[in-house]
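S.K.: Turn this into a structure:
(one chain, ligands or ions: 2)
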Amino acid sequence: MKKQIQFRCVLPNGIHARPASHLEKVCGQFQCQVSLTNLRNGNTADAKSVLALVSTDTLLNDDFTLSFDGEDSLQAITKLTNYINDEFPHCDEALDTSVDDESITLPKSLLRHQPTLLQGKRLAPGIGKGLLINYRDIDLSTFITDIQHDEVTRFEQAHFQVCASLEQTANRANGHEKEIISAHLSIINDRTFVDGIKANLTSNSTANAILAMVEQISTQLSQSSSAYLRERILDIRDVSTQLLTAAYPSIDVNTDFTLTEPSIVIANDLTPSQFLGLDKALLQGLVLTHAGSTSHTVILARAFNIPTLSGIEAKQCVNAINSETYIDANLGVIATQPNEGVYHYFNRAITLNQQLIEKQHAFAHQQAQTADGKTIEIAANIACSIEAPAAFEKGAEGIGLFRTEMLFMDRSEAPDENEQLGYYREALEAAIDKPVIIRTMDIGGDKPISYLKLPQENNPFLGYRAVRIYPEFLSLFHTQLRAILRAAVHGNAKIMIPMIQSIEEIRWVKRQLEIVKEQLTQEKMTFNADIPLGIMVEIPSVAFIIDQFCKEVDFFSIGSNDMTQYLLAVDRDNGSVAKLYNSLAPAFLRLLNQVVKTAHQYGRWVGLCGELGADAKVLPLLIGAGLDEISMSAPKIAATKATLNRHNNEDCKALFEQACQCPTIADVQTLLDSATANKESKPLLATECVMKPADFANKEEAIQAMVGNLGLVGRTDDAYKLEEDVWAREEVFSTGLGHGFAIPHTKSENIRHSSISIAHLNKPIDWQSDSGDVDFIIMLTLNKTQGDQHMRIFSSLARKLIHQSFRDQLRASKDDAEIIAMLENELAI
Ligand code: PEP
Ligand code: MG
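M.R.: Residues are numbered from 1 along each chain as shown. Ligands and ions are numbered 1, 2, ... in the order given. The predicted structure follows:
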């Protein structure tokens, strides 16, 4: 008899290929038939097929049933009930769709040149130039052929060949590329897909059977209300094209598409493998007619930093094919047939963009230190080893927290010693001797693992989790310690134990470590016996006897997420009490002070690895507390290093002491705000705003470059808006003052630090005013809040410029510093 259970889909992207392949694997462990029915649309499918599951169009909040028919139905029901409640919700995360739908006003510096523009949707940022090349779709109907006697062999050989090649690529790839190739492998091995094609081979050629399958699945997917599922059609076409090409090597469908010079590729659809086949050194941009932000091709384009737009068709720009074109995916346009003005605009925009990237990159790879030279290690938090290389690329100086529990979740049994060894070794090798803190599994409680069958708890955060479960799952703990000790010969590894609460616990852990080392010695295994041992400081009781812990362990890392919740008795995940969850509480700051000071007295190292570490506003307090390391998610690293560099260690120490004496969170906040306001001011005149010699082709480029520079040096957060403000004034009356000088100016809310920018041109340009050409520009961009300063400086400058001696002296200045000194003196700034 059929049995049924009902659930609600809680996955943000619904049951698409990735979660479907997890579900399919669990269902595949049982003999009984399992089918999924989506109660919203009535679609029913075989739950042992990824494609069939995907075709049910099960979206977030859809109710669905699983029906079981067969002998082991009862076991399957128990397993799947646990699986869907505990693990399925964590097997997928909301994708980075990072599309900015905010409309952008195109800059006047571009529009004044009357460019030919096509506007699209911004999918991956960046600016590029190259020949616009039309990537013509492969017409799959070219493969249509009559049936021959060896169709099954033909299909099986092609299937084998493509699987082998995908597996090879998957082994070589990493990150997004690996995930996408793995998704293609699961399509090509899907039983609906393979059985459906094979069933058709009795009366059809291989080609026609594959094409019928493409048609069938595409029709189902195209009816999905989820853009994400509709975008999977491209993956089906991709895999099928590879199968068809392998089955019919003699049919030439022009799959070879080779770029020979810098190019922007425009395509109706571009499959992930077609994208991977393009030479990334020559690919300067991608324009796709149909792609959405979650298409695999777009995810890859983002990973390879290729500027990408969608929503533009090749037929809209036929005249521009094979001619020089610009793509600006920050503005969301392509510019075809550029005239000279457009050409100068984009070349300048490319330079500014490149400088911005280099600046961020430079910060990422500089040693993290304060303005007065105090170094603090800035490290990354990771959850799996493949994140490590990207973290180091983003500037991590170590891995401050490797949350290994993720390796144990979302599977039917724990990874064995060798599998774990592989992960830890991968992270250590990516680190090349930089420290990697491997935290032993923090499982149980709110991070359930179904195969451990831990009891349900009313209060999981205070319950049976982390180090507390190790005695019961001793072999699991020993296996992990063995894997870490063995991996530690490949780099600078440290072990960290979560949720330690008492000296008894850490002494127990140390005994286990000795037992495991003894075993490895007996087995003549290579391992690192001197690996440092540390603990998370995330339970308040530890802070009060930190001196005792200093005698037991080598280092500490403060888990601010848990420490805040336990210290203040506020559930970190409960929205109703979220207002009370605040690490700026003076009690938390005093605890931080106590831990760091005492640990340092005993010569112990202290880091911090909770979310607090990535909060730029709190950084002065963390510096002032004297932490040795701060660990955070990798994308925050470059910005944190840049912010760190603006602070002074001595000032931060004084600020932290003051904060510890504050009675309330609001007082700490006010203290921080006032310190930031004082710290953040930049001088009105500075050499970073001087461009000498400047090479500008026209007035538009001058304003674009000078405002763009203010963005580069961090004086404006929105150069496009600031440029609008400068042009607004310019359009009322031209700011040419005669004698070769111009003073463009604005009083704007889009400038963070009021600035006077100076450009001494190497050849004069037409300022489009009656006062003649200009070779010296002094641009005033003053903050709106600064009263009448704007007009005061403007008129004072205008008065000075009447005098030839002043003009001559400015022009004769040897360098940027001399110009600044002169203006400071003359304008009394
Ligand atoms: C913490 O508690 O601050 C921490 C880093 O650990 P987790 O967030 O994994 O509990
Ligand atoms: Mg924690």
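S.K.: which strands and helices sit next to the top helix by length along the chain?
M.R.: For the chain, the helix that runs over the most residues, judged by DSSP state H, is helix 340-364. Where contact means 3 or more Cβ pairs under 8 Å, 6 or more residues apart in numbering; DSSP states H and E, helix 340-364 is packed against helix 108-111, strand 127-135, strand 324-328, helix 637-646, helix 699-712. Backbone N, C-alpha and C define where each C-beta goes, glycine included.
S.K.: mind listing what's buried in that helix?
M.R.: For helix 340-364, the neighbour count (16 or more other Cβ atoms under 10 Å) marks 341-350, 352-353, 360, 363-364 as buried.
S.K.: tell me which of these is nearest to Ile144?
M.R.: In terms of Cβ to Cβ, no member of these lies closer to Ile144 than Phe346, at 44.4 Å.
S.K.: ok, that closest one to ligand 1 distance?
M.R.: Per Cβ to the nearest ligand atom, to the nearest Å, Phe346 is found 45 Å from ligand 1.
S.K.: That residue and Thr336 touch, don't they?
M.R.: No. Taking contacts as Cβ atoms under 8 Å, Phe346 lies outside contact range of Thr336: 11.6 Å.
S.K.: residues near Asn825, how many?
M.R.: Per other Cβ atoms under 10 Å, the neighbour tally for Asn825 reads 9.
S.K.: My error: substitute Lys579 in the last question.
M.R.: As a burial measure, Lys579 scores 8 neighbours (other Cβ under 10 Å).
S.K.: and if you look at Glu818?
M.R.: Glu818: 16 surrounding residues under other Cβ under 10 Å.
S.K.: Nearest to Tyr424 among the buried residues of helix 340-364?
M.R.: Checking the buried residues of helix 340-364 against Tyr424 with Cβ to Cβ, the nearest one is Ala364 at 24.7 Å.
S.K.: Just to check, that closest one is in contact with Lys394?
M.R.: Yes. Applying Cβ under 8 Å as the test, Ala364 and Lys394 come out as touching, 5.7 Å apart.
S.K.: Now the common contact residues for those two.
M.R.: Both Ala364 and Lys394 are in contact with Ile637, Ala638, where contact means Cβ atoms under 8 Å, 6 or more residues apart in numbering.
S.K.: you'd agree Met779 is in a helix?
M.R.: No. With DSSP: H, G, I helix; E, B strand; the rest coil as the criterion, Met779 is strand rather than part of a helix.
S.K.: Buried by neighbour count: which residues of stretch 704-716 qualify?
M.R.: Neighbour-count burial for stretch 704-716, counted by 16+ other Cβ under 10 Å, picks out Gln704, Ala705, Met706, Val707, Gly708, Asn709, Leu710, Gly711, Leu712, Arg715, Thr716.
S.K.: And stretch 529-545, by the same measure?
M.R.: Quick answer for stretch 529-545 (16+ other Cβ under 10 Å): Ile531, Pro532, Leu533, Gly534, Ile535, Met536, Val537, Glu538, Ile539, Pro540, Val542, Ala543.
S.K.: Let me know whether it sits next to ligand 1.
M.R.: Yes. Using Cβ under 6 Å from any ligand atom, stretch 529-545 reaches ligand 1 at Glu538.
S.K.: number of nearby residues for the closest residue to ligand 1 within the stretch 601-750 of the chain?
M.R.: Residue of the stretch 601-750 of the chain nearest ligand 1, by Cβ to the nearest ligand atom: Gly610 (3.0 Å). Around Gly610 sit 24 other residues, with neighbours defined as other Cβ under 10 Å.
S.K.: Quick one: end-to-end length of stretch 741-761, please.
M.R.: Criterion Cα to Cα, to the nearest Å; first-to-last residue distance in stretch 741-761 is 11 Å.
S.K.: now the residue nearest to Asp46 when sequence neighbours are not counted: how far from Gly708?
M.R.: Distances taken as Cβ to Cβ, 6 or more residues apart in numbering put Ala52 closest to Asp46, at 4.6 Å, once the chain neighbours are dropped. Plainly put, Ala52 is 53 Å away from Gly708 if you go by Cβ to Cβ, to the nearest Å.
S.K.: circling back: could you restrict the buried residues of stretch 529-545 to the ones contacting ligand 2?
M.R.: Residues of those in contact with ligand 2 (Cβ under 5 Å from the ion): Glu538.
S.K.: Can you show me the strands along the stretch 101-250 of the chain?
M.R.: 116-119, 121-124, 127-135 (DSSP state E, counting those that start in this stretch).
S.K.: so where do the helices sit in the stretch 51-200 of the chain?
M.R.: Ranges of helices in the stretch 51-200 of the chain, per DSSP state H, counting those that start in this stretch, are 73-82, 108-111, 151-172, 175-188, 191-200.
S.K.: Pull up the residues of this structure that are close to ligand 2.
M.R.: Glu538, Gly559, Asp562.
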